[in-house]
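Chemist: Mind folding the following:
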Amino acid sequence: MSNLLKVGQIVGTHGIRGEVRVYPLTDYKERFEELKWVYMDGQRDEKYHIQSVKYKKNMVILKIKEINTCNDAETYRDKYLYIDREDARELPEDTYFITDLIGIEVFSTENEYIGKLKNVIQTSANDIYEIKIEGKKAPALIPAVGEFVKEVNISEKKMIIKLIEGLIE
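Modeler: The predicted structure follows:
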């Protein structure tokens, strides 16, 4: 498990005072109001202090103390924002951090090894788990719903899914 959690990505600038537009990588974008600082691109050597938080459509507008001009802000475009795991919000039951899911082994309900979870695709309806199957080029795409995902054990790095015909080709 990573000690840092990715919470957003800077996608552009906002205004002339160095504010940045952030695409939130969290289900609860208001969580930025609870943060005092973030790391950039997973580098723990420097904290970036959050001075203010605003919202515009699905974006978060941050004023970061260390960024003071539009030109400065532009240099941070495409950088990811991270927090320490211990500063994370407590998750509801059956909810997981994406970073904890990536790389776990996936088995069928009959204990047949299927592959490793490679990616989590976030959609408006539900997440989709992309599973890399050994010996196959195309990954399997599994909806992250209880009908298919029967068990997730983060500490054992194991997921159990119910296979149905056509789910994995």
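
Chemist: And the next helix or strand past the lowest-mean-pLDDT helix or strand in the chain?
Modeler: Lowest by mean pLDDT, DSSP states H and E among the helices and strands of the chain is helix 98-101, with a mean of 86. Beyond helix 98-101 in the direction of the C-terminus, DSSP states H and E gives the next helix or strand as strand 105-108.

Chemist: Can I get the helix or strand where residue 5 lies as PDB, trimmed to CA atoms?
Modeler: Element membership for residue 5, per DSSP H and E: strand 4-14. Only the C-alpha atoms of strand 4-14 are listed here, as PDB (Å, rounded to 0.1, in the frame of the first residue of the first chain):
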ATOM      1  CA  LEU A   4       0.400   8.700  -0.400                       C
ATOM      2  CA  LEU A   5      -3.000   9.100  -2.000                       C
ATOM      3  CA  LYS A   6      -3.700  10.900  -5.200                       C
ATOM      4  CA  VAL A   7      -6.500  13.400  -4.700                       C
ATOM      5  CA  GLY A   8      -6.500  15.600  -7.900                       C
ATOM      6  CA  GLN A   9      -4.700  16.700 -11.000                       C
ATOM      7  CA  ILE A  10      -3.900  20.300 -12.000                       C
ATOM      8  CA  VAL A  11      -5.400  20.800 -15.400                       C
ATOM      9  CA  GLY A  12      -5.000  24.500 -15.900                       C
ATOM     10  CA  THR A  13      -4.800  28.000 -14.500                       C
ATOM     11  CA  HIS A  14      -7.600  30.300 -13.200                       C
END
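
Chemist: Partner strands of it, with direction?
Modeler: Using DSSP bridges, the strands paired with strand 4-14 in its sheet are strand 19-24 (antiparallel), strand 80-84 (antiparallel).

Chemist: List the buried residues of that strand.
Modeler: 4-10, 13-14 (16 or more other CB atoms under 10 Å). (Glycine included, C-beta is placed from N, CA and C.)

Chemist: Counting neighbours, what do you get for the closest residue to residue 121 other than its chain neighbours?
Modeler: Excluding its sequence neighbours, the residue lying closest to residue 121 (CB to CB, 6 or more residues apart in numbering) is residue 128, at 4.3 Å. If you count neighbours by other CB atoms under 10 Å, residue 128 ends up with 16.

Chemist: quick one: pLDDT of residue 128?
Modeler: Looking at residue 128, its pLDDT reads 90.

Chemist: So which of the strands paired with strand 4-14 is nearest residue 74?
Modeler: strand 19-24 (9.1 Å; CB to CB).

Chemist: buried stuff in the closest one?
Modeler: For strand 19-24, by 16+ other CB under 10 Å, it's 19-22, 24.

Chemist: I'm done for today, thanks for sticking with me.
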